[in-house]
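A.B. asks: What follows is a predicted structure for the sequence shown.
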Amino acid sequence: GSKAGAVNYAAGVVEGDYLGVFDADERVHPLFVACAVAELDVVDLVQGRTLPRPDGPLESLVYYESIVLGYLTHRLLSVLTGFRMATSNALVMRRSAFDRVGGYDPAMLTEDFNFAFRCYEEGVRVRERLEYPSEIEAAHTFADWWGQRKRWMTGYAQVFHRRLGAVHPAESPRSVVSLLVCVG
């Protein structure tokens with residue numbers, strides 16, 4: 001019924017110590033998985049980078065949008081707060097990290113955004129490996145681009161509402177930082 005449900009189902013039937021999550025339209029760099037698994041000796045989760053294929057005028061705009069609003073914003077966020085976005089594409093993790101945060105929530109429109117905040121709040125150690133980017137399909141029409149942005153913004157608002165109910169300054173200072181990052 002959803003990507004979150006599919007990932008949770010797969011995690012429930014696979015017995016390995018590691019899980020990898022990728023988008024259906026993702027072309028994973030041939031060196032990424034081996035690099036990510038090697039990192040799992042010292043961290044819980046390795047987040048790769050995805051780039052839209054710039055194969056047309058709109059697709060090129062989406063590519064540059066991902067650089068400015070995704071890559072640069074995430075780097076700044078990481079430097080200022082230690083928050084590292086652990087989404088549901090180009091991701092390899094220890095099963096124990098997946099279990100610790102309870103997997104993906106199928107009720108969330110942006111399950112990966114919600115997962116990232118739960119990882120941060122639970123202290124999951126995330127390392128970003130950006131040198132082997134995966135390619136993903138870019139929006140090909142303005143309607144598709146706009147529809148995707150509306151869905152994301154609706155999902156972000158849903159995650160903010162969920163995070164607002166989970167703020168516990170005394171018990172978990174990270175929940176406050178998480179909420180502030182989500183507002184941003």
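C.D. replies: Sure, I can see it.
A.B. asks: alpha carbons only for contacts and neighbour counts from here, please
C.D. replies: Will do.
A.B. asks: Determine the set of other helices and strands touching the helix ranked longest in the chain.
C.D. replies: When the chain is parsed with DSSP state H, its longest helix is helix 142-164. Under the contact criterion of 3 or more Cα pairs under 8 Å, 6 or more residues apart in numbering; DSSP states H and E, helix 142-164 touches helix 111-121, helix 173-183.
A.B. asks: give me the low-pLDDT residue ranges for the chain?
C.D. replies: Within the chain, the stretches with pLDDT under 70 are 168-179, 182-184.
A.B. asks: Just give me the residue closest to the centre of it.
C.D. replies: Among the residues of the chain, the one closest to the centroid is Thr87, at 0.9 Å (Cα atoms, centre = their mean).
A.B. asks: host element of Ala138?
C.D. replies: Using DSSP states H and E, Ala138 is not contained in any helix or strand.
A.B. asks: ok, it touching Glu59?
C.D. replies: Yes. At 5.5 Å, Ala138 counts as touching Glu59 under the criterion of Cα atoms under 8 Å.
A.B. asks: circling back to that earlier point, what about the residue nearest to the centre of the chain, which SS state?
C.D. replies: coil (DSSP: H, G, I helix; E, B strand; the rest coil).
A.B. asks: show me the contacts for it.
C.D. replies: Gln47, Asp112, Phe113, Phe115, Ala116 (Cα atoms under 8 Å, 6 or more residues apart in numbering).
A.B. asks: Can you lay out those residues as a markdown table showing neighbour count and distance to Tyr132?
C.D. replies: A markdown table is the format used below for these (neighbours: other Cα atoms under 10 Å; distance: Cα to Cα, whole Å):
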| residue | neighbour count | distance to Tyr132 |
| --- | --- | --- |
| Gln47 | 24 | 11 |
| Asp112 | 21 | 20 |
| Phe113 | 21 | 22 |
| Phe115 | 24 | 22 |
| Ala116 | 22 | 21 |
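A.B. asks: Quick check: Phe32 touching Tyr132?
C.D. replies: Yes. With contact defined as Cα under 8 Å, Phe32 reaches Tyr132; the gap is 5.5 Å.
A.B. asks: This completes my enquiry, with thanks.
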